[in-house]
Every structure is written in C-alpha cells, then in structure tokens.
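Asker: here is a sequence together with a model predicted from it:
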Amino acid sequence: MSYMADEVSNVGDNVGAVGEGGGEGTGEDLSETGRGTDRMGRTGANWSAALLVILLIASAVFGFAQWSARRRLEVAVGNQYFNSFFDLLGNVDNVRVALSKSLVSGSPRLRVGALSDVWREASNAQANLNSLPVTHKVLARTSAFLTQVGDFAFVTARKVANQQMMSDDDWDRLVKMKEQSEDLAQGLAGMEAEASSGRINWVRVAEQAKKEVPAKPGSKSTPEAVTDGFTKVDESVQHFPTLIYDGPFSDHIEKREPVGVTGAAIDATQAIEIARKFVPFDASAHTGRIQGEVDSKMPAYRVSLDAPRKSGKPDAVVDVTKVGGHVVLINISRDIDPKKIDLEAAVTRASDFLSSVGMTSMKPTFASEVGDVAVIPFVFVQNGAYVYPDMVKVKVALDNGDILSYDALGFLTSHHTRKLPKTSIEADEAKELLSPALTVSAPPRLAVIPVETVATPEAFCWEFRGTSFGEDFFVYINAVSGEEEKVLQLIKTSEGSLTM
C-alpha cells in the first residue's frame, strides 16, 4: 500500500511538472504573436500616414495649379476690360475732335468726312462701352448719347453730301453734342488715373456687376469707385438730343406723330409680361420691374429684366408703349467675344428673330459691322414694295449670333396699311429716265420713300441700284409722275455701307 501511494505521488508530481512546463511554453508563444501584431499595426499606420502626406501634397499641387489657372484667366479678363476702357477713352476723344472739325469745316467734302468719323468713332465707343462689366442701368444715358451722336452724324453727313443746307437747328444740335462730348471725355478722364495706377480691379468690378451689389456712398473700394465714376459720367450727359434712328431714310422722324401705335392702354404689370415674352431668350426667371417711364410722343414703360445670379443669362431693358403694349426698344447687356460669324449669318439670325415676334413681312436693306456687332436695318414690304419709313433696326453679336438690340421707333412712328397707287410708268420706262452715266447693277424694285419737296410725305418709286465711275448709287424714279425723287450714294467703309 505504501508502495502504491508513493507511485501515485510520483505520478502526480510528474503531471504537475508537465503542466508547469506546458504552461510556460504556451505563454512564450502568445507573447511572440502579440509582438508580431504590434509590428504589423505600426507598419499599417506608417503606410496610412505616408498616403495621407501624398494626398496632401497632391491636393496642394492641384490647388496651386487651379489657383494659377484662375489667376491667369483673371489677368487675361482684366486686360481685356482694361483695353476696352482705354479704347473707349480714345473713341470719345475722337468723337469730340471730329465734331469740332465738322463745325469749322467750310468745305462740304471735309464736313462729310468729319461727320463720318463721328459716326464711326461713336459706334466703336458704344461697342467698347458695352464690353465693360458695368450694368446697363448705370450706363443707360451714356449709351443712348453715343448712339444718338452717331445717328445724327450719319443723317447730317448724308444731307451735306446731297448738297442740302444745314438748318439752324442742325448747327445748334451739333454745338450741343460737341459740348456734351467734352463733358463725357472729362468725366471718363477722371477715372483714367485710377485705371492707370492699377487701383481698379476689373475682375472685382465684373463680380459686383453680376451680384448687383449697390454702391456704398463714400466707399473707395474698386467696384464702388467704378460704379460711382460711371454714374457721374452718365449723369453728365442726361440731356441728350431727341432720338434719331439711322438707315437709308431717317430724317425728321422725331417731328412725326406716331401712327403705328394702336390698341388699348396697358398697365405696368402687363408691360413686364410683354417684355418677358418679347426678348430673344427665356426670361421667365428674370426679375421684372419698372425702371422708369419714357415721356415722348410715344409714352412707354421702361422695363428692366434682371437675370438671376449665376444663370449665365444677360440683363435687358425693354421699352413698351403704354398704348397697345408695343415694344419700341430692347437693349441687352453682355460681353462680346471676337467675331466668329459673318454678316450673312447675322442677317439670318436677325430675320429669324423678327419672324419669331410676328414681324414676317420685313426685309433687310443694308448691313454694317461695328466692333464685332452687326447693325441690320429691316423695312416693311407691302405688295412687293419696300416701305422705307417702316423701319426696324436689329443689332447682332458676331461672336455667336445673339440679338443685342431691337429698335422699332421708325416702324411704330410710320407703319400703317397704305393704299399704294397704280404705277403709271413701268420699270423699263423708268430705266430710260436714268442718267446715261449710271450702269444698273441690280433688278429694279418698287419702294415707298419719305420726301420733303412735295406736299405728301411719301413717294411711290422705282428703285434702281447702279454704278457710275466706280461708285455705287441708288436712284429713285417716281412710279406715277416719272420724276427723279432722290439720288443716294452708297459709301463703303470699314464698318459696312453708308448711304448719302
């Protein structure tokens, strides 16, 4: 028994020894496994940190590249605005000089040349003005003044070229325009120092114009300084002359009572809705408001259509008559890029726009190109006769064919259904009455033209286009009496064609 007990005790001791030995071996193995896991964790963390650093560096490089690209774009845009502003200064100064020359020229030839310079420089000034990042409502009077200076110079040049005497009213208006051009030049010169010193940031001005943040009185920051400067310039030319529209027949329209304005009276709300539907883009989201009223022989609401921020659409100003709700004028403000389409394409765009607003009996007459903008007069055609007093003028951007303006003042002043007389003289007979020095270059067509030498305000004529000694002319023979009513010379300039 004692022997068996000792054996059992030995077995127990051996089992205990084995248990202790086995316990020590397992602990060491687990310790090694934990250390391996720690090393893997530290390696993963290092890779994560490295990846994060790489991402941060890549983000910084990408951000710098984006900033550099944006900076280059801002510099390019700023330079474009800068050049447009200084070109505007030169244009206005040239208008002032040319007006002075027209006043002191004793020779009709030199006076026509000076007035032609006024027309060209005023058109270029208008284009450069429209290229600046300033809202239309700030530049409304200045823009209208430049348009009317050009229109008046156009009409007066033709009158002088036709050997007609300038009236006292013509001389007075010429003097007033010269004085106003001096005021305009002086006002712009006040901003020149700011621009030359680099204190005007045109990109900031553009951003403010898009946000339409009002200028703060007394503020000296860049956008407010520009807005205040142009506002002062605009106010200095607020007494501009009566509007004259341009085209082959545009004299004395301001003296006529409008006969094309018919219908019932409308209110301001109706005027805003008419303006929304008439403009050549979707203006349903634009903010419409009455900017003012036009006090003339054709009273109208001046509707401002302000585009939503970041919509990419332009603002527009639309004049709508209080009687009948007829659209008289549209002016659309946007930057114009370099020319990409030709005059023929621009005429097509303008024709399509007129058709879209219900003016389907209009035909283009001439096309001029001024500062990447096409100016296209259209006239109403009745029974095949071109009715020149019923004229609409459309301006088209030559970068993409957008409609920039619409002027129906002449059309609404003169348009009515005429009772055209029967021709007593056919085209072949009228052709025999032309000067032998004129070579006819196009088929004749019937036309209604305004006249000043007879009791009636209009004449029904055969229109002949021809050349004489290398120059182009239009000759109008009365289709009833056979008298030669008018002779117009077609002057080709770098901007297009001008009739005189």
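Answerer: Happy to help now that I have it.
Asker: select the longest strand from this structure.
Answerer: strand 385-397 (DSSP state E).
Asker: so which elements touch it?
Answerer: helix 343-356, strand 373-382, strand 403-407, helix 409-414, strand 445-450, strand 458-468 (3 or more CB pairs under 8 Å, 6 or more residues apart in numbering; DSSP states H and E). C-beta here means a position set from N, CA and C on the backbone, and glycine is covered the same way.
Asker: between those, which one is nearest to residue 262?
Answerer: Residue 262 lies closest, by CB to CB, to one member of the helices and strands packed on strand 385-397: helix 409-414, at 9.5 Å.
Asker: so which residues of the stretch 1-150 of the chain form helices?
Answerer: Using DSSP state H, counting those that start in this stretch, the helices of the stretch 1-150 of the chain run over residues 2-104, 108-131, 136-161.
Asker: can you tell me which of those helices the model trusts least?
Answerer: Among these, helix 2-104 carries the lowest mean pLDDT, at a mean of 63.
Asker: which residues touch residue 94?
Answerer: 117, 121 (CB atoms under 8 Å, 6 or more residues apart in numbering).
Asker: how close does the residue nearest to residue 259 when sequence neighbours are not counted sit to residue 389?
Answerer: Excluding the flanking residues, the one nearest residue 259 by CB to CB, 6 or more residues apart in numbering is residue 416, at 5.0 Å. As judged by CB to CB, to the nearest Å, residue 416 and residue 389 stand 10 Å apart.
Asker: okay, these two: which has more neighbours?
Answerer: residue 389 (25 against 12; other CB atoms under 10 Å).
Asker: now the closest residue to that one other than its chain neighbours: how far from residue 360?
Answerer: Sequence neighbours aside, residue 414 is the residue nearest to residue 389 in space, at 3.8 Å (criterion: CB to CB, 6+ apart). From residue 414 across to residue 360, the span is 18 Å (CB to CB).
Asker: more neighbours, the two?
Answerer: residue 414 (24 against 10).
Asker: ok, the more buried one to residue 449 distance?
Answerer: With CB to CB as the criterion, residue 414 and residue 449 are 11 Å apart.
Asker: which residues do those two both contact?
Answerer: residue 389.
Asker: backbone dihedrals for residue 439, please?
Answerer: phi -100, psi 110 (degrees, to the nearest 10).
Asker: now for it: which residues touch it?
Answerer: Taking CB under 8 Å, 6+ apart, one finds 466, 467, 468 in contact with residue 439.
Asker: distance of it relative to residue 185?
Answerer: 45 Å.
Asker: cool, residue 166 as well?
Answerer: 24 Å.
Asker: swap in residue 350?
Answerer: From residue 350 to residue 185 the distance is 33 Å (CB to CB).
Asker: more neighbours: which of the two?
Answerer: Between residue 350 and residue 185, counting by other CB under 10 Å, residue 350 is the more crowded of the two (27 against 18).
Asker: could I get the pLDDT score of the residue nearest to that one when sequence neighbours are not counted?
Answerer: Leaving aside its chain neighbours, residue 350 sits nearest to residue 394 (4.1 Å; criterion: CB to CB, 6+ apart). For residue 394, the model assigns a pLDDT of 92.
Asker: what sits against residue 394?
Answerer: 350, 353, 354, 375, 376, 378, 403, 405, 406, 407.
Asker: switch the cut-off to 6 Å
Answerer: 350, 376, 406 (CB atoms under 6 Å, 6 or more residues apart in numbering).
Asker: hmm, residue 366 and the second one touching each other?
Answerer: Yep, that's residue 376 we're talking about. No. With contact defined as CB atoms under 6 Å, residue 376 does not reach residue 366; the gap is 7.6 Å.
Asker: which one of these two has more residues nearby?
Answerer: Ranked by neighbour count (other CB under 10 Å), residue 376 and residue 366 place residue 376 first, with 23 against 17.
Asker: buried sites along stretch 413-427?
Answerer: Buried residues in stretch 413-427, defined by neighbour count with 16 or more other CB atoms under 10 Å: 413, 414, 415, 418, 423, 425, 427.
Asker: correction: stretch 299-308
Answerer: Neighbour count says stretch 299-308 has 300, 301, 302, 303, 304, 305, 306, 307 buried, by 16+ other CB under 10 Å.
Asker: which two in those residues are spaced the farthest apart?
Answerer: Once CB to CB is applied, those give 300 and 307 as the farthest pair, at 21.9 Å.
Asker: gap between the residue nearest to residue 389 and residue 443?
Answerer: 26 Å.
Asker: what about the nearest residue to residue 123 once chain neighbours are set aside, distance to residue 395?
Answerer: With sequence-adjacent residues excluded and distances taken as CB to CB, 6+ apart, residue 123 is closest to residue 370, at 4.0 Å. Remark: distance between residue 370 and residue 395 (CB to CB) = 9 Å.
Asker: who has more neighbours, those two?
Answerer: residue 395 (24 against 21).
Asker: just checking, that one touches residue 377?
Answerer: No. Using CB under 6 Å, residue 395 is not in contact with residue 377, being 10.5 Å away.
Asker: which of the contacts of residue 394 sits closest to residue 264?
Answerer: residue 406 (22.8 Å).
Asker: quick one: pLDDT of residue 134?
Answerer: For residue 134, the predicted pLDDT is 65.
Asker: could you do residue 261 as well?
Answerer: 91.
Asker: residue contacts, it?
Answerer: 298, 321, 323, 324, 326, 412.
Asker: so where's the stretch 201-350 of the chain shaky on pLDDT?
Answerer: 201-256 (pLDDT under 70).
Asker: what about the strands in it?
Answerer: 287-294, 300-306, 315-321, 327-333 (DSSP state E, counting those that start in this stretch).
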